[in-house]
Structure formats: C-alpha cells, structure tokens
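Student: Model the structure of this input:
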Amino acid sequence: MRELPWQVIAVLGPTATGKSAFELGRRGCGAELISADALQAYRGFDIGTAKPGPRARSRVRHHLVDVLEPHQAFSAGEFARRAGAAVEEIEGRDRLPLLVGGSGFYLRALFEGLAPVPPVPSEVRAGLRGELRSGGLEPLLEELRGVDPESAAGLSAGDTQRILRALEVVRFTGRTLPGWQRAGSEAALDRRVLKIGLTLPRPLLYDAIKARAGRMLERGWLAEVKRLRERAEFRAGASWAELPACQAIGYRQFADHLDGKSTLEQALEETIRATRRYAKRQETWFRRETDVCWIDISGRSGVKRALRRIVEAQVEARTAARASVAPA
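Tutor: Numbers count the residues shown, from 1 in each chain. Next up, the predicted model:
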C-alpha cells in the first residue's frame, strides 16, 4: 500500500483561537474528532468549556466529550489510553482521526508516552484532601515548592487538582512527577501526525478572550455553575472546591461569586485574567514543540475552509491508497 503522509491530524493552540468551533462540513469530510480538552470530558460543563453543541456533534462524531462526572479524575495517562483507543476505533471505520484541543500535556502523553507512575493509595489522597479542608491550599503549595519546585513553578496558585497530584506523587514515591516523566515512558501512539497550531498576536488573543468570556456569561455560564453546584450526586462526599472538574477557570471564580466572595464583575474580570495567563502558558508550551505548523488566524476568514481542505486531502489519499491494492 502507498504510504500516506499523515495518519492523524491535530489542531492545537491556545484557548480562544476557535479550535472548538472547527467544523468539517455537513458530512464530516470522512473524519471523526477526538477532544484534546481536559474539561470537555466532563458532563454538564458546557458553556465555560466551549464544548461543541448538539448540532456539531450530530454532523460529526466526537470522542472524549461528556464521558466523565465532575468527581472523577482525568489524568494525562487516562486521556492517552482513551484517545489511543479512539484512534484505533476511528481507523477501523476507515475514517481519519482528528484531535482538537489545547491540553498540551495530554497531547504529549498521547504522542510521546508517559512514565508509568505507581498508583497512589487512596489514603494518601484522602489525607491531602483533609489537609486542604483544614488548612487551605497555600501550605500545600508551599510544601510543593520545597520538595518539587519544578512542578510548582508551572502551576498557578489556585490550581488545586494539579498541586495535589504533584504532592501526592512525591509524598508516596519520594520522587517528583517530572522525575518520573523523564525516567521512561509507556508506549506512545505510533502514527504519523500532522500538528496544526492556530495562533493570534497577543493583543488580539487577549481581546478574543475578553469577548468570549462576555458571550459565555450572556449564554448562561453563571446559571450553569449554579446548576452544577446544586447537583449533589456530583459531589461523592467531597466539597465543590475538591471536585477535579471544578478547578476549571471561570467555574471556580463564579462559584466564589455565588458564595458572596466577589461581585459578578470581579468574578468575570478574574476569569478573564486567569484565562489570559493560561493562554500564555499554552502558547509557551506549544512553541517548544518543533513539529507544529503554525497558522496566524488574524484576518484570515478562510482558515477553517483551508483546514477542511487539508482533512479532505488526507481522506482522499487514504481512499486512493486502499484502491491501489484492492483486488481487480
């Protein structure tokens, strides 16, 4: 069979560059989408994650969307296992896997593999949760800065889930999470991958983030947060702040507003600032990747059309390659 140039396409980049709005047309162009967004996996977290709506999902099959409850943890290793299985499933239908999202570490776990970190016992995790409830996050972050400064440097002060994850690993194994990650890796996805990065000049990106946050609020983001907080079955014995999904930008800030800790305007402004910081970290992460083909989407109304043509070309190449070896 003739070798195809790419077996998987990944559309990546910082938040608010329109990745989630990328559509493949009415018939999907012979491709299926795999979400590489750590939060779109959670049911009920729709508006604030820019999750594809029912119309887009009815046109094109989406994978790893709405597969978890908010109390369930979703690690990079779990994403890599699920995404790898989705790639094989999509290929089994003779369709093209298209990964879309901005979770850089998750994508790296899929494409390059991760070190097999030993499972942390539940009592270690429960102990950390108890310390969080009694003393707050700051003492735990200070401990992490002392025992694993590399992990701490890459985390924001409110990133509860990742702070606890890094700390539980070093407490249980005596080794830092980055140390495990450099020690060796599980098998990576063995496919030829075309990585397409969407980007905007920083001022335009920041403007897009502000405008998108305002639109999300108008669409009912605050009501979504309130509704999620009222669903007791999500809690599984934990407080709202302890649920993995509830560390998402915006959900945490609007929950504080509902608790009377800030005004709505303050919650929105903090959400915008946090999103801008996150976008900057995403851009920095992806710029370190040497195999990303970057597209500046400012002033380019035809970007989505061009991306669709790239997907169509790969699907046509797959069809031609199969036809070349088909029995006469």
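Student: Let me see the contact set for the nearest residue to Gly220 once chain neighbours are set aside.
Tutor: Among residues not flanking Gly220 along the chain, Ile47 sits closest, at 6.1 Å (C-beta to C-beta, 6 or more residues apart in numbering). Heads up, the C-betas are built off the backbone N, CA and C, glycines and all. For Ile47, the contacting residues are 216, 219-221, 224, by C-beta atoms under 8 Å, 6 or more residues apart in numbering.
Student: Mind doing that once more with 10 Å?
Tutor: 215-225, 250-251 (C-beta atoms under 10 Å, 6 or more residues apart in numbering).
Student: what are the ranges of the helices in this structure?
Tutor: 54-59, 76-92, 104-112, 122-135, 138-147, 149-153, 160-173, 177-183, 202-218, 221-229, 251-258, 264-287, 303-325 (DSSP state H).
Student: what's the neighbour count on the closest residue to Leu128 other than its chain neighbours?
Tutor: Leaving aside its chain neighbours, Leu128 sits nearest to Leu164 (5.3 Å; criterion: C-beta to C-beta, 6+ apart). Leu164: 23 surrounding residues under other C-beta atoms under 10 Å.
Student: quick revisit: CSV please, covering the helices of the chain and showing distance to Pro244 and mean pLDDT.
Tutor: Listed next are the helices of the chain as CSV, based on distance: least, C-beta to C-beta, whole Å; pLDDT from 0 to 100:
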stretch, distance to Pro244, mean pLDDT
helix 54-59, 23, 88
helix 76-92, 11, 93
helix 104-112, 14, 90
helix 122-135, 11, 89
helix 138-147, 16, 93
helix 149-153, 17, 89
helix 160-173, 5, 90
helix 177-183, 16, 79
helix 202-218, 21, 96
helix 221-229, 13, 94
helix 251-258, 11, 93
helix 264-287, 17, 94
helix 303-325, 31, 77
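Student: what would the ones you listed look like in JSON lines with distance to Ala10?
Tutor: Below are these laid out as JSON lines (distance: least, C-beta to C-beta, whole Å):
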{"stretch": "helix 54-59", "distance to Ala10": "18"}
{"stretch": "helix 76-92", "distance to Ala10": "10"}
{"stretch": "helix 104-112", "distance to Ala10": "6"}
{"stretch": "helix 122-135", "distance to Ala10": "32"}
{"stretch": "helix 138-147", "distance to Ala10": "31"}
{"stretch": "helix 149-153", "distance to Ala10": "25"}
{"stretch": "helix 160-173", "distance to Ala10": "22"}
{"stretch": "helix 177-183", "distance to Ala10": "20"}
{"stretch": "helix 202-218", "distance to Ala10": "20"}
{"stretch": "helix 221-229", "distance to Ala10": "28"}
{"stretch": "helix 251-258", "distance to Ala10": "26"}
{"stretch": "helix 264-287", "distance to Ala10": "10"}
{"stretch": "helix 303-325", "distance to Ala10": "11"}
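Student: Domain parsing of this structure, as residue ranges.
Tutor: 8-114+185-325, 122-183 (automatic domain parsing).
Student: Comparing these, which comes out most buried?
Tutor: Highest mean neighbour count among the domains of the chain (mean count of other C-beta atoms under 10 Å): domain 8-114+185-325, with a mean of 18.
Student: Relative to the whole chain's centre, how far out is that one?
Tutor: Taking C-alpha atoms, centre = their mean, to the nearest Å, one finds domain 8-114+185-325 lying 5 Å from the centre of the chain it belongs to.
Student: Run through the residues that contact the nearest residue to Trp285 once chain neighbours are set aside.
Tutor: The shortest distance from Trp285 to any non-neighbouring residue, by C-beta to C-beta, 6+ apart, is to Gly104 (4.0 Å). Applying C-beta under 10 Å, 6+ apart, we find Gly104 in contact with 12-14, 36, 76, 281-286, 288-289.
Student: Next, find the distance separating Ala177 from Leu132.
Tutor: Residue 177: Leu, not Ala. Using C-beta to C-beta, to the nearest Å, one gets 18 Å for the distance from Leu177 to Leu132.
Student: what do you get for Leu155?
Tutor: Distance from Leu155 to Leu132, by C-beta to C-beta: 15 Å.
Student: same check, this time on Ala76
Tutor: Look at Ala76 and Leu132: by C-beta to C-beta, they are 22 Å apart.
Student: same thing with Glu230?
Tutor: Using C-beta to C-beta, we find Glu230 at a distance of 22 Å from Leu132.
Student: And Val170, by the same measure?
Tutor: For Val170, the distance to Leu132 equals 16 Å [C-beta to C-beta].
Student: Please apply the same query to Trp221.
Tutor: Taken as C-beta to C-beta, the span from Trp221 to Leu132 is 26 Å.
Student: What score does the residue nearest the centre of the chain have for pLDDT?
Tutor: With the centre of the chain defined as its mean C-alpha position, the nearest residue by C-alpha atoms, centre = their mean is Asp37, 2.4 Å away. pLDDT for Asp37: 93.
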